[in-house]
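**Student:** build me a model from this:
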Amino acid sequence: MTELKLDTPLQAWVYLNRVVEGPSRTLAALLQDYTPEHIAHGIYHQADWLGALRDETSARRDWLRQDEDIAAAEKVGARLITPESPEWPAAQFNSAFGFYAAGLADAPADFDKAAVAPHCLWVRGAPVGEVVSQAVAVVGTRAITRYGFDATRLMVSGLVPHQWTIVSGGAMGVDTVAHEQALEHGGITAVVAACGIDEPYPARNAKLYERIVDRGGTILTEFAPGSKPQRHRFLTRNRLVAALTSGAVCIEAAFRSGALNTLNWTEALGRVAMVVPGPITGPGSVGCHKRIQEHRAQLVMSPDGVRELLEQVGAVDEEAQLELVYAPSKTQRLSRNELQVFGSTPVDETASAQDIAREAGLRLPLTIHLLVTLEKQGLVVRRGGQWQRLDVD
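**Tutor:** Next up, the predicted model:
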């Protein structure tokens, strides 16, 4: 008989990922007080102290596929990350789900159960935290029209040069075009999947996913290997698309389009909801137009319009501003990422862009882009192939 293996933390997390399909507010609460090994042992033996989680896991407690899940992930070059992993997108999750927990969201009551961070993620490609350090979601219909294709290309091609990572769900239609256009214009893109990391969906996008990983992007999911795409998983996945980004742009969504659920989560998690208007001669953009009409989303007509809305969000951080010890006339106008690069650039010596990127925890192309921006503002100086922060105190 197969036995539960708890020799390593990885085995415990893999077991929890299999028997507790996220999101789970109950498991999240228990993880505040117990180790994953202790919880996994409790689930397997149906311990009373688990409370509600005991009943929630009774049907899956003996689903022991730890070796198989690890092997399936390794076969496609994937890994499991947890809140203890250096690449865990803690800032994004804390901000998004913290906003909801603070009661600041006007969201449907049925969001309460799902408005919690994943307990772990399966990942292929570049470190998640770096990839989503400056990210925007681009979502929309599967039944994309020529107008939708052109609008998606316009938005993505204008955001990528400013080092915005394009996040979407990998589905046919707007999602696929967004990923492809990001790659075509030399950018980074991330797929948040609604299935197992070893289950490319749709199958015809398997080669696209390989290109995304090869070009420095990321594919991630909270679902166990082998999990098939099902409707409830798409809805659950949408909250992560919103949480990992500064905002979402919806292009072509009919009245009952699933893309509107992503906008719902965008609002609920304190992100910026944006829509691109479409033709009024057909039903393809009715959902977008309704959001504008109801004042639930910002109308955007260009990538610069998107950047204006999102960069306002990154530039305002009251707590960080109060802690600044630099001259407010220059540094208080910096965005969060600009402040990270500024603070990671030494003032008494020079450093390479690679070293600054490592210190800031940002992607190298984004760091170089921000260093050039800071140089134009007279905050850093380039000395040969190195960078140095100017003393502005």
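**Student:** domains in this protein, as residue ranges please.
**Tutor:** 1-64, 95-313, 318-389 (automatic domain parsing).
**Student:** would you say residue 211 is within a helix?
**Tutor:** Yes: checked against DSSP: H, G, I helix; E, B strand; the rest coil, residue 211 lies within a helix.
**Student:** which strand or helix spans the residue lying closest to residue 243 once chain neighbours are set aside?
**Tutor:** Nearest residue to residue 243, sequence neighbours excluded (CB to CB, 6 or more residues apart in numbering): residue 96, at 3.8 Å. In this view, the C-beta of every residue, glycine as well, is placed from N, C-alpha and C. Under the criterion of DSSP states H and E, residue 96 resides in helix 90-101.
**Student:** which strands or helices does that helix pack on?
**Tutor:** Other elements packing on helix 90-101 under the criterion 3 or more CB pairs under 8 Å, 6 or more residues apart in numbering; DSSP states H and E are helix 231-243.
**Student:** so what touches the helix it packs on?
**Tutor:** The contact list for helix 231-243 (CB atoms under 8 Å, 6 or more residues apart in numbering) reads 22-23, 92-93, 96-97, 114-115, 117-118, 137, 139, 167-169, 192-195, 220-223, 227, 248, 258, 261-262, 264-266, 268-269, 271.
**Student:** which of the residues in that helix are buried?
**Tutor:** Across helix 231-243, burial judged by 16 or more other CB atoms under 10 Å covers 233-243.
**Student:** any idea of the angle that helix forms with helix 90-101?
**Tutor:** 110 degrees (axes from the mean of the first three to the mean of the last three CA atoms, to 10 degrees).
**Student:** tell me what angle the helix or strand following helix 231-243 forms with helix 231-243.
**Tutor:** Once helix 231-243 ends, the next helix or strand along the chain (criterion: DSSP H and E) is strand 247-251. When the same axes, to 10 degrees is applied, the directions of strand 247-251 and helix 231-243 differ by 120 degrees.
**Student:** so what touches strand 247-251?
**Tutor:** 136-141, 148, 151-152, 155, 174, 241-242, 259-260, 262-263, 266, 271-276, 278, 287-288, 291, 297, 300, 306, 309-310, 313.
**Student:** what of stretch 78-94?
**Tutor:** With contact meaning CB under 8 Å, 6+ apart, stretch 78-94 is reached by 9-10, 13-14, 17, 36, 70, 73, 117, 119-124, 127-130, 132, 197-198, 225, 243-245.
**Student:** give me the buried positions along it.
**Tutor:** In stretch 78-94, counting by 16+ other CB under 10 Å, buried: 78-82, 85, 87-89, 92-93.
**Student:** circling back to that earlier point, in helices, which of the contacts of stretch 78-94 appear?
**Tutor:** Taking DSSP state H, the ones among the contacts of stretch 78-94 that sit in helices are 9-10, 13-14, 17, 36, 70, 73, 128-130, 243.
**Student:** just curious, which of these is nearest to residue 104?
**Tutor:** residue 243 (14.4 Å; CB to CB).
**Student:** poorly predicted segments of the stretch 101-250 of the chain, please.
**Tutor:** Counting by pLDDT under 70, the stretch 101-250 of the chain contains no low-confidence range.
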